[in-house]
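J.: Pasting the sequence and the predicted coordinates here, then a few questions.
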Amino acid sequence: MNRARRIRLQLFRGVTFVIMGAFFLVPIAGMFEFSTRGRGLNAPRTLEAWTSIVTYPDLVAAIVASLELALITSVGMLLLLVPTMIWVRLRLPELARTIEFICLLPLTIPAIVLVAGLVPIYKWIAINLVDSILTLAFAYLVLVLPYAYRTLYAGLSAIDVKTLSEAARSLGAGWPAVMWRIIVPNMSVALLNACLLSVAVVLGEYTIANLLNYVNVQVAIQLLGRANAGVSIAVAVASLLFAFLLLVVLSFVGRPRARVARAEG
Amino acid sequence: MAATSSPSATARSTRGGVEVRLEDLRRRYAGVTALDGLSLTLAPGELVALLGPSGCGKTTALRLVAGLEEADGGRVTIGGADVTRRPANKRDVGMVFQAYSLFPHMTAWENVAFGLQMRKVRPADRRRRAMETLELVGLQGFANRYAHQLSGGQQQRVALARALAIQPKVLLLDEPLSALDAKVRARLRDEIRRVQLEVGITALFVTHDQEEALAIADRVGVMRSGRLEQLGPPTTIYARPATPFVAEFVGLTNRLSGLVRDGSVEVRGTRLPLVQPDAPDGPAVALVRPEAVTLSRDGEAASGPLVGIVIATAFLGALSRVTVDLGDVTVLAQLPTSEAGAHAAGTRVRLALRPDPVLISRED
Ligand SMILES: Nc1ncnc2c1ncn2[C@@H]1O[C@H](COP(=O)(O)OP(=O)(O)OP(=O)(O)O)[C@@H](O)[C@H]1O
Ligand SMILES: [Mg+2]
């Protein structure tokens, strides 16, 4: 009886896995198929669309810009959130709820509404300071807050920040040393996860960039799709695969580390 | 002495301990007075145990000395220097926490070496001194283990070594044994005392376990609601408690109602001298230690105020504790196990109260 149940469960799991896998993979496979078609009905398969990605300077620029944005957003997110969250946990626990509320807010605000608020600010920045796509990093910082906050929160909760930092301080460590030598090394997995999620969010972002008239990789794909569908699809597949790769990496580093004991005699 | 660097020699060579003073320390948390004018002076090299019920301010006192919490009033001096306004990382204080304070990403020796690294000791010296300190606490074989590969007792030893490695002026321990099981607790308690004596460091040991406090300390300070109720050597605290609170907190006590008259108290037909003979006359509750109660067989079955029936016997090894029901009250008697055997549950016994000076309590 128990055995039958287990088999049924296994079966259910297997079927779910296959369906979900198909759900994600079939479109990607279809896109890949499309991006490798030759011209004409019976033309042989070709990687021309893929190799010609680099021949579209606008596209390359957009890819580079998106990667830069991902980097800036991740670094900014870490610099903003990590010290704030540690400080709140140690010194201002009564602020924890407020901080959480603020950080989760972007999740409930549609991108379009966010943009409505951002447009005047970006206009002002473009006119008075710089008009660069990299200024999108500010908007993206807001966008990644909920994901990064949740991840970092879990990482912080897994260690006894208070006791560890007090132990370190009584041993002579100042606040920077407490931060960098004690807390950060013990939540490195959470830091990495927060970064990967931020990168994934930034690389997949379309609405804000488009509405603010900046060409990031998603906007470029969309623009190119009108001129050369093959290339645009190839880039889309590549960015999907990249995001997929990030998530795989994430799920592996997220596992509890089996620390290697340097055995002694 | 030879120039061999035996671990104890290195650790001992550093000092003989300094005086630590807590003067009129005050600390309030939103509505709660945690410390209400605590004053305490630790002699150089002395181990003082702070004992008291939960919430009486023991941890707060320790944290004020460590600089992990700021005082609302009062002063802390270490070796004559006023450190009240000095941040925790500049105080030269070694702290051992209740549990789980080892840095998880460092091995045992790296943990011990961390404080030396903060003091900019050269890497080679750091490692050597960390190893020596680990040897002092008997853990030389475990230098490369991570915290999760050590037992609770071993983790606390590493924590002790880590606190001592920086050669602090004071050692502070906040219930370092309370997360361990009874056997390990007793052994590690003696071990902490041995190391403390060997290093000669002044130490403040917080606990709510009276047995632990009496066993380890040069002097015990019993705290109540943020202040010291009594401070003295363990024997004094136990044998001559200054107040009913101390008497009841340190060791078991029978509460027997009686009548104070002319400097003594009459309890169930027996006159007992008072610790404080100037107490005013009137009804009071006498606090009688179980070891001051003796039992005898009551062959004639005569009834009287001190005749009762044994309802339970607890064997504590060499001693036993017998509970006697006197009808309106139960009394604990502590006697050698060999004698307790004669008083099985259900037997009638006659109690006698040894005329030791007793404390009285007027509160209910
Ligand atoms: N950070 C804090 N915020 C508010 N109140 C606090 C804080 N720390 C301690 N208190 C209060 O101060 C009082 C003394 O606390 P403390 O931790 O010093 O007690 P303790 O004697 O160490 O008790 P225990 O044996 O339970 O550890 C308690 O009433 C406690 O509730
Ligand atoms: Mg405490």
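T.: Cool, the structure landed. Ligands and ions are numbered 1, 2, ... in the order given.
J.: Flag every buried residue along stretch B:37-44.
T.: Applying a neighbour-count criterion of 16 or more other CB atoms under 10 Å in any protein chain shown, one finds B:Leu38, B:Leu40, B:Leu42 buried in stretch B:37-44. C-beta here means a position set from N, CA and C on the backbone, and glycine is covered the same way.
J.: So what's the model's average confidence on that stretch?
T.: Along stretch B:37-44, the predicted local confidence has a mean pLDDT of 94.
J.: go on, stretch B:267-285?
T.: Taken as a whole, stretch B:267-285 carries a mean pLDDT of 88.
J.: Now do that stretch: distance to the chain's middle.
T.: 30 Å (CA atoms, centre = their mean, to the nearest Å).
J.: Likewise for stretch A:195-206?
T.: Average the C-alpha atoms of stretch A:195-206, do the same for its chain, and the two points are 3 Å apart (CA atoms, centre = their mean).
J.: Quick one: residues in contact with it.
T.: A:66-67, A:69-70, A:73-74, A:77-78, A:140, A:143-144, A:147-148, A:151, A:216-219, A:222, A:239, A:242-243, A:246-247, A:249-250 (CB atoms under 8 Å, 6 or more residues apart in numbering or on different chains).
J.: what's the answer for stretch A:168-182, then?
T.: Applying CB under 8 Å, 6+ apart, the set of residues contacting stretch A:168-182 from outside is A:82-83, A:86, A:164-165, B:66-68, B:87-91, B:93-95, B:103, B:114-115, B:118-119, B:162-163, B:166.
J.: Out of those, which end up buried?
T.: If we count by 16+ other CB under 10 Å, the contacts of stretch A:168-182 have these buried: A:82, A:86, A:164-165, B:66-68, B:88-89, B:91, B:93-95, B:103, B:114-115, B:118, B:162-163, B:166.
J.: Now do the contacts for the nearest residue to B:Gly37 once chain neighbours are set aside.
T.: Using CB to CB, 6 or more residues apart in numbering or on different chains and skipping residues adjacent in sequence, the residue nearest B:Gly37 is B:Asp24, 5.0 Å away. By CB under 8 Å, 6+ apart, the contact set of B:Asp24 is B:Gly37, B:Leu38, B:Ser39, B:Gly73, B:Gly74, B:Arg75.
J.: Quick check, the residue in the stretch 101-250 of chain A closest to ligand 1?
T.: Residue nearest to ligand 1 within the stretch 101-250 of chain A: A:Lys162 (10.1 Å; CB to the nearest ligand atom).
J.: and that residue, what is it in contact with?
T.: Remark: with contacts taken as CB under 8 Å, 6+ apart, A:Lys162 is in contact with A:Arg89, A:Leu90.
J.: Okay, strands next: where are they in the stretch 251-364 of chain B?
T.: B:254-261, B:264-267, B:270-273, B:282-288, B:293-297, B:307-315, B:319-325, B:330-336, B:348-353, B:359-361 (DSSP state E, counting those that start in this stretch).
J.: Sheet-wise, list the partners of the second one with their directions.
T.: Spelled out, that is strand B:264-267. Here strand B:264-267 is paired, per DSSP bridges, with strand B:254-261 (antiparallel), strand B:270-273 (antiparallel).
J.: can you list the residues that contact it?
T.: By CB under 8 Å, 6+ apart, the residues outside strand B:264-267 that reach it are B:256-259, B:271-274, B:277, B:284, B:286, B:288, B:353, B:358, B:360.
J.: Pull up the residues of the stretch 101-250 of chain B that are close to ligand 1.
T.: On the criterion CB under 6 Å from any ligand atom, ligand 1 has as its neighbours in the stretch 101-250 of chain B the residues B:His208.
J.: can you rerun that using 8 Å?
T.: With the criterion set to CB under 8 Å from any ligand atom, the stretch 101-250 of chain B comes near ligand 1 through B:Asp174, B:Glu175, B:Val206, B:His208, B:Met223, B:Gly226.
J.: burial of the third one, as a residue count?
T.: Pointing back at B:Val206 there. Each residue near B:Val206 was counted by other CB atoms under 10 Å in any protein chain shown, and the total is 27.
J.: follow-up on the earlier one: tell me the SS of the residue nearest to B:Gly37?
T.: What DSSP: H, G, I helix; E, B strand; the rest coil gives for B:Asp24 is strand.
J.: which among the contacts of stretch A:195-206 end up buried?
T.: A residue is treated as buried here by neighbour count (16+ other CB under 10 Å); on that basis the buried members of the contacts of stretch A:195-206 are A:66-67, A:69-70, A:73-74, A:77-78, A:140, A:143-144, A:147-148, A:151, A:216-219, A:239, A:242-243, A:246, A:250.
J.: mind putting the strands paired with strand B:264-267 in CSV, mean neighbour count included?
T.: Putting these into CSV (neighbours: other CB atoms under 10 Å in any protein chain shown) gives the following:
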stretch, mean neighbour count
strand B:254-261, 17
strand B:270-273, 16
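J.: circling back to that earlier point, which ones among the contacts of stretch A:168-182 map onto helices?
T.: Judged by DSSP state H, the subset of these located in helices is A:Val82, A:Pro83, A:Ile86, A:Leu164, A:Ser165, B:Ala66, B:Phe114, B:Gly115, B:Met118, B:Arg162, B:Ala163.
J.: What distance do you get for B:Arg193 to A:Ala61?
T.: In this view, B:Arg193 and A:Ala61 are 72 Å apart by CB to CB, to the nearest Å.
J.: circling back: now the strands of the stretch 251-364 of chain B in a markdown table, with distance to A:Val115?
T.: Putting the strands of the stretch 251-364 of chain B into a markdown table (distance: least, CB to CB, whole Å) gives the following:
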| stretch | distance to A:Val115 |
| --- | --- |
| strand B:254-261 | 75 |
| strand B:264-267 | 85 |
| strand B:270-273 | 87 |
| strand B:282-288 | 76 |
| strand B:293-297 | 84 |
| strand B:307-315 | 76 |
| strand B:319-325 | 77 |
| strand B:330-336 | 77 |
| strand B:348-353 | 87 |
| strand B:359-361 | 74 |
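J.: any low-confidence regions in the chain?
T.: You didn't say which chain, so I picked chain A. Applying pLDDT under 70 to chain A flags the ranges A:1, A:253-265.
J.: You answered for a different chain; I wanted chain B.
T.: For chain B (pLDDT under 70), the answer is B:1-15, B:299-303, B:363-364.
J.: Point to the residue nearest the middle of it.
T.: Note on chain B: the residue nearest the mean C-alpha position is B:Ala213, at 2.0 Å, using CA atoms, centre = their mean.
J.: List phi and psi for it.
T.: Backbone torsions for B:Ala213, taken as degrees, to the nearest 10, come to phi -60, psi -50.
J.: Next, count neighbours for the residue in the stretch 1-150 of chain A that ligand 1 sits nearest to.
T.: Going by CB to the nearest ligand atom, ligand 1 is nearest to A:Pro93 of the stretch 1-150 of chain A, at 9.0 Å. Other residues within reach of A:Pro93, judged by other CB under 10 Å, total 10.
J.: Please apply the same query to B:Val220.
T.: B:Val220 has 27 neighbouring residues, counting by other CB under 10 Å.
J.: Let me see the contact set for it.
T.: When contacts are counted by CB under 8 Å, 6+ apart, B:Val220 is found next to B:Val48, B:Ala49, B:Leu51, B:Ala213, B:Leu214, B:Leu231, B:Gly232, B:Pro233, B:Pro234, B:Ile237, B:Val250.
J.: now with 7 Å?
T.: When the contact criterion is CB atoms under 7 Å, 6 or more residues apart in numbering or on different chains, the partners of B:Val220 are B:Ala49, B:Leu51, B:Ala213, B:Leu214, B:Gly232, B:Pro234, B:Ile237.
J.: before we move on, what about B:Asp356?
T.: B:Ala292.
J.: go on, B:Gly57?
T.: Applying CB under 7 Å, 6+ apart, we find B:Gly57 in contact with B:Ala34, B:Leu35, B:Met223, B:Gly226.
J.: So which of those wins on neighbours?
T.: Per-residue neighbour counts (other CB under 10 Å) across the contacts of B:Gly57 peak at B:Leu35, which has 28 neighbours.
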